[in-house]
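Visitor: Show me how the following folds:
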Amino acid sequence: MTSLREQLSKGAQRDPLELNALWHSFAGSRDGHSREMLIETYAEFARMLTAQLYANRHVRELEFDDFFQYALVGLMEAVDRFDPIFGVDFKAYASARISGAVLSGVDKLCEQQQQISLQSRIKRERIQSLTEIGEDAGINGSLFQQLAETTIGLAIGYFLGESGMYRAHEQQTDCPGYQRFELKKLCETMSALVEKLPVQQAHVIKGHYFHGHAFVDIGRSLGISKGRVSQIHKRALIELRLLYEKGARLNKLL
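Guide: Numbers count the residues shown, from 1 in each chain. From the prediction side, this is the model:
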């Protein structure tokens, strides 16, 4: 089987007369075979443009193939839109579209990676805060008890996170109808309980779970340190648990 590099080399070697005939054939028929041959012809040109953009990249973590796949998308779009009747050189026409496709695609890829990195950092902060919840809650029992308290804190955090998503766009889940209804009601309960927290605790919970802000950003908005935000976060989860348990006891008495 012919390798991609051999195909690129073969395509780049087409003589001008053959290439001109190919363009006019494609312009008249728009057939898939002519299109494929044109893309093959200019793929090496797209690779050369990609190499220049890759050499000047600002994000070192990205691979060359990440750049090249967007260049091929730009090349395909250029082939589809180019009309040889105007006598414009295709490479001059395509270079801007290819470069634009690469830069636009890489920007989106970087944004996705930044979002993933932010979400990972938020989860790490949350877990780190919760692992210290036993001491702040006055729990001096066994490791199992402290682990249980941390697990409860994680569960409350999960429902708070789901509550934030429901508030944003009525998220649909894969749960059966009854379970989905119960999940939504529990999330609504947690959201309502947040309003009963002290102002500063409510601000931290809303910022972290409803809006996805990291502790450092919340601290900046409040004029306090990241460590202090972590402490407030822990205290707020304890308060939410107590409020929920108090509400459950009242419901049993009614």
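Visitor: Can you give me the domain boundaries for the protein?
Guide: 4-111, 131-253 (automatic domain parsing).
Visitor: Quick check: which of those is nearest to I122?
Guide: Closest approach to I122 among the domains of the chain (C-beta to C-beta): domain 131-253, 5.4 Å. Backbone N, C-alpha and C define where each C-beta goes, glycine included.
Visitor: all strands of the stretch 1-150 of the chain, in order?
Guide: Remark: no strands are assigned in the stretch 1-150 of the chain by DSSP state E, counting those that start in this stretch.
Visitor: pLDDT weak spots in it?
Guide: 1-13, 112-119, 131-150 (pLDDT under 70).
Visitor: ok, 50 please
Guide: 1-11, 134-139 (pLDDT under 50).
Visitor: For it, just list every one of the helices.
Guide: In the stretch 1-150 of the chain, the segments counted as helices under DSSP state H, counting those that start in this stretch are 4-12, 16-29, 32-55, 64-81, 90-130, 133-136, 143-169.
Visitor: Out of those helices, which gets nearest to R220?
Guide: R220 sits nearest to helix 90-130 of all the helices of the stretch 1-150 of the chain, at 14.1 Å, using C-beta to C-beta.
Visitor: could you check the angle helix 16-29 makes with the closest one?
Guide: Angle, helix 90-130 to helix 16-29, by axes from the mean of the first three to the mean of the last three C-alpha atoms, to 10 degrees: 70 degrees.
Visitor: Now do helix 90-130 against helix 32-55, angle only.
Guide: 60 degrees.
Visitor: sorry, back to before: columns mean neighbour count and distance to L242 on top of the helices of the stretch 1-150 of the chain, output as TSV?
Guide: Shown next, in TSV, are the helices of the stretch 1-150 of the chain (neighbours: other C-beta atoms under 10 Å; distance: least, C-beta to C-beta, whole Å):
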stretch	mean neighbour count	distance to L242
helix 4-12	14	63
helix 16-29	13	71
helix 32-55	18	55
helix 64-81	18	49
helix 90-130	15	16
helix 133-136	16	13
helix 143-169	16	11
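Visitor: Which of those helices sits closest to V199?
Guide: helix 143-169 (17.1 Å).
Visitor: ok now do the residue lying closest to L75 once chain neighbours are set aside, which residues does it touch?
Guide: In space, and not counting its chain neighbours, L75 is closest to A46: 4.5 Å by C-beta to C-beta, 6 or more residues apart in numbering. Going by C-beta atoms under 8 Å, 6 or more residues apart in numbering, A46 touches F68, A71, L72, G74, L75, A94, I98.
Visitor: Looking at the residues you listed, spot the one nearest L53.
Guide: Distances from L53 to the contacts of A46, taken as C-beta to C-beta, are shortest for A71 (7.9 Å).
Visitor: What are the phi and psi values at V88?
Guide: Here the main-chain torsion angles of V88 (degrees, to the nearest 10) amount to phi -80, psi 140.
Visitor: For it, the count of nearby residues, please.
Guide: 12 (other C-beta atoms under 10 Å).
Visitor: for L154, what are its contacts?
Guide: R126, I127, L130.
Visitor: Could you measure from the last one over to W23?
Guide: In this case it means L130. Distance of L130 to W23, given as C-beta to C-beta, to the nearest Å: 63 Å.
Visitor: before we move on, what about S104?
Guide: Taking C-beta to C-beta, one finds S104 at 26 Å from W23.
Visitor: got it, and A43?
Guide: A43 is 16 Å from W23, by C-beta to C-beta.
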